[in-house]
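Peer 1: got a sequence here, can you model it:
(one chain, ligands or ions: 3)
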Amino acid sequence: MKNIALIGSTGSIGTQTLEVIRSHPDNFNLVSLGGGKNTDLILKQIEEFRPALVSVAGKKEADYICQNVDAPIKVYYGREGLNEVATHSDADMLINAVVGSLGLQPTLHAIEAGLDIGIANKETLVTAGHLVTKKAREYGVHLLPVDSEHSAIFQCLEGNHQNEINRLILTASGGSFRDKTREELQNVNVEEALQHPNWNMGAKITIDSATMMNKGLEVIEAHWLFNIPYEQIEVVIHKESIVHSLVEYCDKSVLAQLGTPDMKVPIQYAMTYPQRLELEDTNRLNLWETGTLHFKKPDFERYRCLTFAYEAGKTGGTLTTVLNAANEEAVDGFLQGKIPFLAIEDYIEKALDHHQAQMNPDLETILEVDKDTRAFIRSQLG
Ligand SMILES: NC(=O)C1=CN([C@@H]2O[C@H](COP(=O)(O)OP(=O)(O)OC[C@H]3O[C@@H](n4cnc5c(N)ncnc54)[C@H](OP(=O)(O)O)[C@@H]3O)[C@@H](O)[C@H]2O)C=CC1
Ligand SMILES: CC(=O)[C@@H](O)[C@H](O)COP(=O)(O)O
Ligand SMILES: [Mn+2]
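Peer 2: Residues are numbered from 1 along each chain as shown. Ligands and ions are numbered 1, 2, ... in the order given. Just a heads-up that it's a prediction; the model follows:
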């Protein structure tokens, strides 16, 4: 029996994590749960999974839970609340499924509490990968990838040696606008941008897929998770999202992990590693039904966000914190209808140009740069 702490329980990854827990009652037990503003769903989750502790976005949501909950439970809120969930004394593992750099501090606290981390929340690694990986090494805890590409690479690396890796190759679907030219992107709207062709995900990551920033963030995530230089991390556009990623070794042998697109597979593997468990409720991959698979090289001028991410990653230090915070704010601006789709990349570029990178920043510096960058973008958005 593994005791799970979960933050981001009401989101796409969070609810799928709960599906995995629900389908294996003898293997997993939810001890603490963190959601945001979706209090009605949080109440249902409390009723079903009976965690000892819950956290919600703010005081208003906490009061609502206290007034309506029908179970003995401790109720917290805000950033402190997420830290409480992430460090519950009975937990063996934290699944971090919140969106944004908000996930950084609970992750660091959970590592200090000795918990393994199932990490879906890529922004945490982009904003402060050096701090997270260093702390995980110090405390001897596993950072287990949930992101589908990183889970694929993790699986392809099993039983092989780090010094034999030639390249990591991340697959990218191309997102909702993969067949559009830059010209055609000038008039796209939020509703169209939210139509991902293969995955049903939260709004922020779906926009990131459309700008290809998601792949940029994933390049940085791969750098930190697998300790591989940027020069050895590549991206290939693969519109079917069947091959989840690949590793090329020094003998040019290439290993790939495949499957129908279903996040429950990587979520469950992070939770059961190094074992595997049955996963009934997912489609089998029959390649004769899939037929043809497509692959093409990304055009770095078409996908400027991918270029920004490689540049920020290679420079390092606080520049990836700026990349992440500027992206979070610009995407939010787009989702709120304040800016057009193509302006997302313009705002990110402005923030990167405006910043003087500091190397090897501590947590305090990261938090300050994150805050300043958000303020910078918000002031531009008006
Ligand atoms: N969805 C996917 O298939 C994949 C997602 N990822 C990554 O996983 C992470 C989660 O993505 P996804 O599940 O799609 O996102 P969603 O938007 O679906 O969910 C986000 C979760 O974070 C919670 N949250 C947001 N703000 C706060 C806050 N201030 N305090 C507490 N909780 C908060 C939300 O709570 P509430 O809704 O209650 O307000 C919700 O539970 C992201 O980093 C994403 O990049 C990676 C690979 C695939
Ligand atoms: C499911 C998952 O891991 C997402 O990060 C997915 O990869 C998004 O698709 P894109 O390849 O379009 O970014
Ligand atoms: Mn991914």
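
Peer 1: where do the strands sit along the stretch 101-250 of the chain?
Peer 2: Along the stretch 101-250 of the chain, the segments classed as strands by DSSP state E, counting those that start in this stretch run 116-119, 143-145, 165-172, 233-237, 243-249.

Peer 1: residue 157 is nearest to which of those strands?
Peer 2: strand 243-249 (6.1 Å; CB to CB). Yep, even glycine has a C-beta here, placed from its N, CA and C like the rest.

Peer 1: just checking: what are the partner strands of that closest one?
Peer 2: Neighbouring strands of strand 243-249 in its sheet, by DSSP bridges, are strand 165-172 (antiparallel), strand 254-258 (antiparallel).

Peer 1: secondary structure class of the closest residue to residue 283 other than its chain neighbours, three-state.
Peer 2: Closest residue in space to residue 283, ignoring its immediate chain neighbours: residue 260 at 4.3 Å, by CB to CB, 6 or more residues apart in numbering. Residue 260 falls in the coil class when you classify it by DSSP: H, G, I helix; E, B strand; the rest coil.

Peer 1: numbering from 58 from now on, please.
Peer 2: Yes, from this point I'll number from 58; that puts the last item at residue 317.

Peer 1: my guess is residue 317 meets residue 343, correct?
Peer 2: No: applying CB atoms under 8 Å as the test, residue 317 and residue 343 come out as separate, 9.1 Å apart.

Peer 1: hey, which of the strands of the stretch 158-307 of the chain is tucked in deepest?
Peer 2: strand 173-176 (a mean of 26; mean count of other CB atoms under 10 Å).

Peer 1: rewinding a little: which one's more surrounded, residue 317 and residue 343?
Peer 2: The residue with more neighbours, out of residue 317 and residue 343 and counting by other CB atoms under 10 Å, is residue 317; that gives 16 against 8.

Peer 1: now for that one: which residues touch it?
Peer 2: By CB atoms under 8 Å, 6 or more residues apart in numbering, the residues touching residue 317 are 299, 339, 340, 341, 342.

Peer 1: could you identify the most distant pair in the residues you listed?
Peer 2: So, the contacts of residue 317 by CB to CB: farthest apart are 299 and 339, at 13.4 Å.

Peer 1: looking at these two, which one has more neighbours?
Peer 2: Between residue 299 and residue 339, counting by other CB under 10 Å, residue 299 is the more crowded of the two (17 against 14).

Peer 1: isn't that one right up against residue 319?
Peer 2: No: judged on CB under 8 Å, residue 299 makes no contact with residue 319 at a distance of 11.2 Å.

Peer 1: include distance to ligand 1 and mean pLDDT when you put the strands of the stretch 158-307 of the chain into CSV, please.
Peer 2: Below are those laid out as CSV (distance: least, CB to the nearest ligand atom, whole Å; pLDDT from 0 to 100):
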stretch, distance to ligand 1, mean pLDDT
strand 173-176, 9, 98
strand 200-202, 9, 98
strand 222-229, 12, 98
strand 290-294, 15, 98
strand 300-306, 11, 98
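
Peer 1: for residue 330, find the nearest of those strands.
Peer 2: Checked against CB to CB, the stretch from the strands of the stretch 158-307 of the chain lying closest is strand 200-202, at 5.5 Å.

Peer 1: any buried residues in stretch 396-407, and which?
Peer 2: 396, 398, 401, 402, 404, 405, 406 (16 or more other CB atoms under 10 Å).

Peer 1: hmm, I typed the wrong one, I wanted stretch 405-424.
Peer 2: Neighbour-count burial for stretch 405-424, counted by 16+ other CB under 10 Å, picks out 405, 406, 408, 409, 412, 414, 418, 423, 424.

Peer 1: close to ligand 2: what parts of this structure are there?
Peer 2: 204, 205, 206, 229, 230, 232, 256, 262, 266, 271, 272, 320 (CB under 6 Å from any ligand atom).

Peer 1: can you pull the contacts of residue 357?
Peer 2: 363, 364.

Peer 1: where's it, which helix or strand?
Peer 2: Following DSSP states H and E, there is no helix or strand that holds residue 357.

Peer 1: now do it against residue 330, distance only.
Peer 2: 34 Å (CB to CB, to the nearest Å).

Peer 1: residue 324 contacts residue 152, doesn't it?
Peer 2: Yes: assessed by CB under 8 Å, residue 324 is found in contact with residue 152 at 7.4 Å.

Peer 1: hang on, the earlier thing: and ligand 3, which of the residues of the chain next to ligand 2 contact it?
Peer 2: Counting by CB under 5 Å from the ion, 204, 205, 206 from the residues of the chain next to ligand 2 sit close to ligand 3.

Peer 1: got the contact list for the second one?
Peer 2: Going back to what we said before, that points to residue 205. Residue 205 neighbours (CB under 8 Å, 6+ apart): 298, 301, 302, 318, 320, 322, 323.

Peer 1: how about the contacts made by the nearest residue to the last one once chain neighbours are set aside?
Peer 2: Closest residue to residue 323 apart from its sequence neighbours, by CB to CB, 6+ apart: residue 208 at 3.4 Å. Neighbour list for residue 208: 202, 301, 314, 322, 323, 326, 327 [criterion: CB under 8 Å, 6+ apart].

Peer 1: need the pLDDT of residue 208.
Peer 2: The model reports residue 208 with a pLDDT of 99.

Peer 1: residue 201 versus that one, what's the distance?
Peer 2: 8 Å.

Peer 1: any shared contact partners between those two?
Peer 2: 326, 327.

Peer 1: give me the more crowded residue out of residue 324 and residue 152.
Peer 2: More neighbours surround residue 152 than the other of residue 324 and residue 152, with 33 against 27 (other CB under 10 Å).
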